[in-house]
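Participant: This is the structure alone, sequence omitted:
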């Protein structure tokens, strides 16, 4: 086996292979930096700089054989291990985790600390270096796998490519342990050619993977921007209905209820007319900030337009009513002062029903409860005690074994009135 590797190394022009690897790595590093300039994803800059640093270390190693560079022979290898650590850090940055500077440089530090005590055998140094590179590549694969999202599951090479790279770098470790002394002497020469070829394949594959991930993130960012209301930074109408559909789909599996809360700022037209639209915008932004902090991360809240807000909660009626009242109180406690002149309050209506219900019916019932809150003096929460059943096409599916009334409608004081249309169709009859 080792004789075969040695023969393969002799038959290949190893210097040419390494020159190709260095040039390809440097070009990909420049390309990744250009992609960073286009998309401003920090991980691309780190990945590109790591490639350039790796290419520099390779060039220094090659020149050291042909010329007498005034550089200690350990420096190029230290730069190489630093570059590998930077790739791991780039994977962390890609998912919003901080750079661990000490861990990133640990491989280079270990090499520096053990270099003078390592045997002069190329095979021994190859084994130590392989362990360092393999450790970082496996960590990179773990970072890319740990934070995978549903949209990234199809990008399985994101983890597979560095895992294969790390596995290849571990092979000489296993072979050295199984080899005799003669095999160990030939191990370094045999694997140099293998590494040169594999490095070219890896840097190309890894660059392709990270660019695909970056493109996916850019698309998701654009999609998110299209779903966000620019003034309040809450979901807009489109974003809310998409988020609500996802929450309701998740609740359908356990046949659990969902609730809708309709919010409307009180006397908002008066605030706009008396103090100006800038004051009105500040009031809307204040409410959005309070609502986001008060509601849970798993709740969907959006702005339907004007001073009208809507939220969908995966909970029973009593819990949703309590959440709505917390928002109301928090809005008042936050000052609810627009421009220092007008105090703003909020009214809310809550409805509850099956996760298979029609979302428009849930919103209509919440609007009716909101109208009662306005009629009863504003700055209050009203609920609709009648649970919204599954939509007609879903009733047969949810009829077996489902008990919507158990736990969905917890006793909450409310003024029950017939539903006679939405609040929006009657709001002009109110003084704001």
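Facilitator: Sure thing, it's come through. These numbers were taken from a predicted model, which means no experiment stands behind them.
Participant: going forward, measure contacts between C-alpha atoms and count neighbours the same way
Facilitator: Will do.
Participant: residues touching residue 265, list them.
Facilitator: For residue 265, the contact set (Cα atoms under 8 Å, 6 or more residues apart in numbering) comprises 307-308, 344-347.
Participant: count of neighbours near the closest residue to residue 328 other than its chain neighbours?
Facilitator: Take residue 328 and drop its neighbours on the chain: the residue closest to it by Cα to Cα, 6 or more residues apart in numbering is residue 346, 6.0 Å away. Look at residue 346: counted by other Cα atoms under 10 Å, it has 27 neighbours.
Participant: bridging residues for residue 346?
Facilitator: residue 265 (DSSP bridges).
Participant: where's it relative to residue 376, distance?
Facilitator: 13 Å (Cα to Cα, to the nearest Å).
Participant: For the helix or strand encompassing residue 239, the averaged confidence score.
Facilitator: Taking DSSP states H and E as the definition, residue 239 sits inside helix 237-252. Average pLDDT, helix 237-252: 92.
Participant: all numbers from here: first residue = 38
Facilitator: I'll keep to 38 as the first residue from here, and by that count the last item is helix 274-289.
Participant: what residues does it touch?
Facilitator: Contacts for helix 274-289 (Cα under 8 Å, 6+ apart): 263-265, 294-295, 337-342, 349, 351, 392-393.
Participant: In the residues you listed, find the pair that's most separated.
Facilitator: 263 and 294 (28.8 Å; Cα to Cα).
Participant: Name the residue in those two with the higher neighbour count.
Facilitator: Using other Cα under 10 Å, the more surrounded residue of residue 263 and residue 294 is residue 294, with 29 against 14.
Participant: quick one, what contacts the more buried one?
Facilitator: 288, 351-353, 389-392, 441, 445.
Participant: now residue 262
Facilitator: Per Cα under 8 Å, 6+ apart, neighbours of residue 262: none.
Participant: can you tell me the helix or strand for it?
Facilitator: Counting by DSSP H and E, residue 262 is found in helix 218-263.
Participant: and the helix holding residue 276, which residues are buried?
Facilitator: 274, 276-278, 280-282, 284-285, 288-289 (16 or more other Cα atoms under 10 Å).
Participant: measure residue 74 to residue 360 for me?
Facilitator: For residue 74 relative to residue 360 (Cα to Cα), the value is 44 Å.
Participant: Would you mark the buried spots in whichever strand or helix holds residue 71?
Facilitator: Per DSSP H and E, residue 71 falls inside helix 51-76. For helix 51-76, burial by neighbour count (16+ other Cα under 10 Å) applies to 51, 54-56, 58-63, 65-70, 72-73.
Participant: that older thread, quick check on the contacts of residue 302: which are buried?
Facilitator: 344, 381-384.
Participant: from those residues, which is closest to residue 365?
Facilitator: Nearest member of these to residue 365, counting by Cα to Cα, is residue 383, at 6.0 Å.
Participant: quick one: contacts for that closest one?
Facilitator: 300-303, 365, 368, 415-417.
Participant: run the last query once more with 10 Å
Facilitator: Contact analysis of residue 383 by Cα atoms under 10 Å, 6 or more residues apart in numbering lists 300-305, 324, 344-345, 361-362, 364-366, 368-369, 373, 410-411, 415-418.
Participant: Now, the contacts of helix 274-289 that are in helices?
Facilitator: residue 263 (DSSP state H).
Participant: Buried ones among the contacts of helix 274-289?
Facilitator: If we count by 16+ other Cα under 10 Å, the contacts of helix 274-289 have these buried: 264-265, 294-295, 337-341, 349, 351, 392-393.
Participant: how about low-confidence regions in the stretch 188-337 of the chain?
Facilitator: Residue ranges of the stretch 188-337 of the chain with pLDDT under 70: 188-232.
Participant: should've said the stretch 38-187 of the chain
Facilitator: 38-51, 101-106, 155-160, 183-187.
Participant: ok, which stretches of it are helices?
Facilitator: 39-48, 51-76, 79-103, 111-131, 138-152, 159-183 (DSSP state H, counting those that start in this stretch).
Participant: Looking at the ones you listed, which one is packed in the most?
Facilitator: helix 111-131 (a mean of 23; mean count of other Cα atoms under 10 Å).
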